[in-house]
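1. Take this sequence and fold it.
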Amino acid sequence: MSSKRSESGYSGAELADWLADIVAVLQSSGVPFALIGGASVMLYGKRSRTRDVDFLVALEPRRWPILDDRLKHAGLRVESKGLWHHRAWRGQLYADLVLAEVPEQAAAIAEAVVHEMTGVAVPVAPPEYVVALKLIAGRPQDLRDVEEIRECVADLDEKLVARLLAPYENG
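-> All right, here's what the predicted structure looks like:
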């Protein structure tokens with residue numbers, strides 16, 4: 001697989017090996033996790049490309065060094081972006097590992113459903129959680145992703161989305 005990225009990111013096929021590698025490390029580490037972000041929108045919506053893969057991880061912050069060591073042992077370069085965010089690199093490909101700090105993020109992991117993506121069994125946050133996380137982020141691409149998911153997921157539970165967003169609304 002070539003790791004040269006086009007301006008619009010990587011296709012699912014281009015990410016297949018990378019997704020398999022990072023999922024294998026997370027699974028072997030015993031860290032509960034769920035795919036979120038653009039790669040999950042490739043599953044739930046119509047998006048055909050993403051620039052990275054994003055995972056929520058249920059991990060005590062003191063265990064980051066253990067996970068980092070496993071990632072390094074797998075031949076990845078690890079970068080700490082803060083107490084709640086680490087990034088694992090292989091060439092130009094990267095995965096953002098984001099600590100599940102709030103109950104809604106922990107629930108996204110607990111409720112994750114295993115989907116086959118490019119031949120890899122991946123726990124993916126349910127679409128309602130992806131929508132809520134993207135609405136909280138609120139960037140233009142996130143809002144486009146939300147519309148795509150709403151268009152493509154006929155049985156999206158909008159009441160669940162509203163419950164997930166309630167703690168973030170300004171009275």
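2. For this protein, give me the ranges with low pLDDT.
-> The model of the chain has pLDDT under 70 over residues 1-8, 171.
3. run the last query once more with 80
-> Applying pLDDT under 80 to the chain flags the ranges 1-9, 12, 118, 170-171.
4. who's in contact with Leu83?
-> Pro61, Leu99 (CB atoms under 8 Å, 6 or more residues apart in numbering). No exception for glycine: its C-beta is placed from N, CA and C like everyone else's.
5. mind checking how far it is from Val122?
-> Distance from Leu83 to Val122, counting by CB to CB, to the nearest Å: 25 Å.
6. what are the ranges of the helices in the protein?
-> Applying DSSP state H to the chain gives helices spanning 12-29, 37-44, 64-73, 103-110, 127-137, 140-152, 158-165.
7. Going by neighbour count, list what's buried in the fifth one.
-> Residues of helix 127-137 classed as buried by neighbour count (16 or more other CB atoms under 10 Å): Pro127, Glu128, Tyr129, Val130, Val131, Ala132, Leu133, Lys134, Leu135.
8. One more: the longest one?
-> Of all the residues in helix 12-29, those buried under the rule 16+ other CB under 10 Å are 12, 14-23, 25-26, 29.
9. next one: stretch 86-97
-> Of the residues in stretch 86-97, His86, Arg87, Ala88, Arg90, Leu93, Tyr94, Ala95, Asp96, Leu97 count as buried by neighbour count, 16+ other CB under 10 Å.
10. related to what we said a few turns ago, out of the buried residues of helix 12-29, who's nearest Glu60?
-> Ser29 (12.6 Å; CB to CB).
11. Not counting its neighbours along the chain, what's nearest the closest one?
-> Arg70 (5.0 Å; CB to CB, 6 or more residues apart in numbering).
12. so that neighbour sits right up against Ser28, yeah?
-> Yes: assessed by CB atoms under 8 Å, Arg70 is found in contact with Ser28 at 6.9 Å.
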